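Asks: Sequence plus predicted model, see below.
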Amino acid sequence: MSDTVVLNNLHIKDGENTLVNKTSLIIEQGEIFGLVGESGSGKTLTAKAIIDLLPEGLNYTADEIITAGKNMLSASPEAKREHIGKNVGYIPQNTVFYLHPMIKIKDQIGDGYIYHMHKNKKEALEKAEALLKKVGFENPITVLNYYPWQLSGGMRQRCNIAMALMNDPKLIIADEPTTALDSTVQRQVMELFRTINKELKISILLISHDLGLVRHYSHSLAVMYAGQIVESGYSKTVFRNPKHPYTRLLIKIIPSLKIKKSEPLAEIPGFVQEKGRDIKGCLFIERCPKAMDICKEYVAEHMDDMQDHCYRCNLE
Ligand SMILES: Nc1ncnc2c1ncn2[C@@H]1O[C@H](COP(=O)(O)OP(=O)(O)O)[C@@H](O)[C@H]1O
Ligand SMILES: [Mg+2]
């Protein structure tokens, strides 16, 4: 059974307001797929739609959502929860603070394993010990007896990664996994993801606002802007020949890309709009150095070869 992830034509709405629009992506079995874009562009919501964890009050439609060979759209809520629990490891945004600080690692790391894989506590601890070793701890038993507050941010993130690996998932979704870490620890954690991807053949959806990081670690990527994917393809192809003016600008400012929600980009004037995301024309028009009159009415979709290089722009 193929473990390819397919997301086809996802729309997410908050009442009448469109948050994510016409979003499609394919994560090939065993690859690291980078989903990149400024804060507020819809990366987290897209990931949450894939694992059926959208916040209450938001609704979505899609033509297809397939994870680990299963079509999620036709599954019952219970079947979805079970399938996701067994096959997808999720490291949510801000997870450096995800583990409960006052509960020992050993009393929380195995919860999903016990629940979804029908194992007992002893089996869970044996597996956790092996995985803590795998993610680089020399003394896993000591770590199991720690409270999360006794660990550094990088160590906590390693525990989160071990926890995400407990059920032998086919896919790990890591949402801004290194944002809260300093650059040396960031590199160590990313190297760990790379090792996990290579050795265990687990696909990784790497979500980040940092195109520099995604460039370095992903095989394929998608650039998201205001709820839409504006460019996607093999990372090497996109970097060799970026087509969308937004991607080009992001590449230009790689070292200085640190933006908070609704703050203007240092080098790209303007904001990512929160409303009016379902217009016919181009969403980037206000900030685009190459905008043309036609961009108000229409955007050409160069989507011929999903695997290679796709973009939404009127420039050739
Ligand atoms: N629960 C929610 N209710 C309403 N709007 C939301 C909710 N969660 C996120 N949004 C909005 O959806 C958009 C995309 O958010 P998100 O996916 O978190 O972006 P990203 O992860 O790329 O920073 C933003 O404009 C955000 O304000
Ligand atoms: Mg996010």
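Replies: Looks like it arrived, so ask away. Ligands and ions are numbered 1, 2, ... in the order given.
Asks: Contact residues of the protein facing ligand 1?
Replies: Residues of the chain that fall close to ligand 1, judged by CB under 6 Å from any ligand atom: 14, 19, 37, 39-45, 55, 58, 274. C-betas here are computed from N, CA, C, even on glycine.
Asks: Show me the strands in the stretch 1-150 of the chain, by range?
Replies: 5-14, 17-27, 32-36, 58-61, 64-67, 70-71, 88-91 (DSSP state E, counting those that start in this stretch).
Asks: Buried ones only from the residues of the chain next to ligand 1, please, as a PyMOL command.
Replies: Of the residues of the chain next to ligand 1, the buried ones go into a single PyMOL selection, burial set by 16 or more other CB atoms under 10 Å:
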select buried, resi 19+37+40+41+42+43+44+45+58
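Asks: What about the closest residue to ligand 2 within the stretch 51-200 of the chain? Give its phi and psi, please.
Replies: Closest approach of the stretch 51-200 of the chain to ligand 2 (CB to the ion) occurs at Q93, with a separation of 4.9 Å. Phi and psi for Q93, reported as degrees, to the nearest 10, are phi -60, psi 150.
Asks: Renumber starting at 19 from here on
Replies: Understood, numbering begins at 19; the last thing we discussed is Q111.
Asks: so what's the residue nearest to it when sequence neighbours are not counted bridging to?
Replies: Spatially, and ignoring its direct neighbours in sequence, Q111 is nearest to D193 (4.2 Å; CB to CB, 6 or more residues apart in numbering). For D193, the beta-bridge partners under DSSP bridges are I225.
Asks: What residues does I69 make contact with?
Replies: 85, 102, 106, 108, 191 (CB atoms under 8 Å, 6 or more residues apart in numbering).
Asks: Figure out the helix or strand that the last one lives in.
Replies: The one in question is I191. Per DSSP states H and E: I191 is located in strand 189-193.
Asks: so does that strand get close to ligand 2?
Replies: No: Strand 189-193 stays clear of ligand 2 (CB under 5 Å from the ion), getting no nearer than 5.9 Å.
Asks: Now that strand: average pLDDT?
Replies: Average pLDDT, strand 189-193: 97.
Asks: can you give me the offset of it from its chain's centre?
Replies: Computed by CA atoms, centre = their mean, to the nearest Å, the chain-centroid distance of strand 189-193 equals 6 Å.
Asks: what does stretch 26-37 give?
Replies: Distance of stretch 26-37 from its chain centroid, counting by CA atoms, centre = their mean, is 18 Å.
Asks: can you check stretch 48-66 too?
Replies: 4 Å.
Asks: C-alpha coordinates for it, CSV please?
Replies: These are the backbone C-alpha positions of stretch 48-66, laid out as CSV (Å, rounded to 0.1, in the frame of the first residue of the first chain):
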residue,chain,number,x,y,z
GLY,A,48,9.8,8.7,2.3
GLU,A,49,10.4,12.4,1.5
ILE,A,50,10.8,15.6,3.5
PHE,A,51,8.2,18.0,2.2
GLY,A,52,8.5,21.7,3.3
LEU,A,53,5.5,23.9,3.7
VAL,A,54,6.7,27.4,3.9
GLY,A,55,5.2,30.9,4.2
GLU,A,56,4.8,33.9,6.4
SER,A,57,2.9,33.6,9.7
GLY,A,58,-0.9,33.6,9.0
SER,A,59,-0.6,32.0,5.6
GLY,A,60,-2.5,28.9,6.5
LYS,A,61,0.2,26.3,7.1
THR,A,62,-1.0,25.1,10.5
LEU,A,63,-4.6,24.9,9.4
THR,A,64,-3.6,22.9,6.4
ALA,A,65,-1.7,20.4,8.5
LYS,A,66,-4.6,20.2,11.0
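Asks: okay, and for the stretch 169-318 of the chain, where does confidence drop off?
Replies: For the stretch 169-318 of the chain, the stretches with pLDDT under 70 are 273-285.
Asks: Sketch out the helices for it, chain order is fine.
Replies: Assigned by DSSP state H, counting those that start in this stretch, the helices in the stretch 169-318 of the chain fall at 171-183, 201-218, 229-235, 253-258, 263-270.
Asks: circling back: tell me who's in contact with the residue nearest to Q111.
Replies: Listed by CB under 8 Å, 6+ apart, the contact partners of D193 are 61-62, 65, 108-111, 113, 225.
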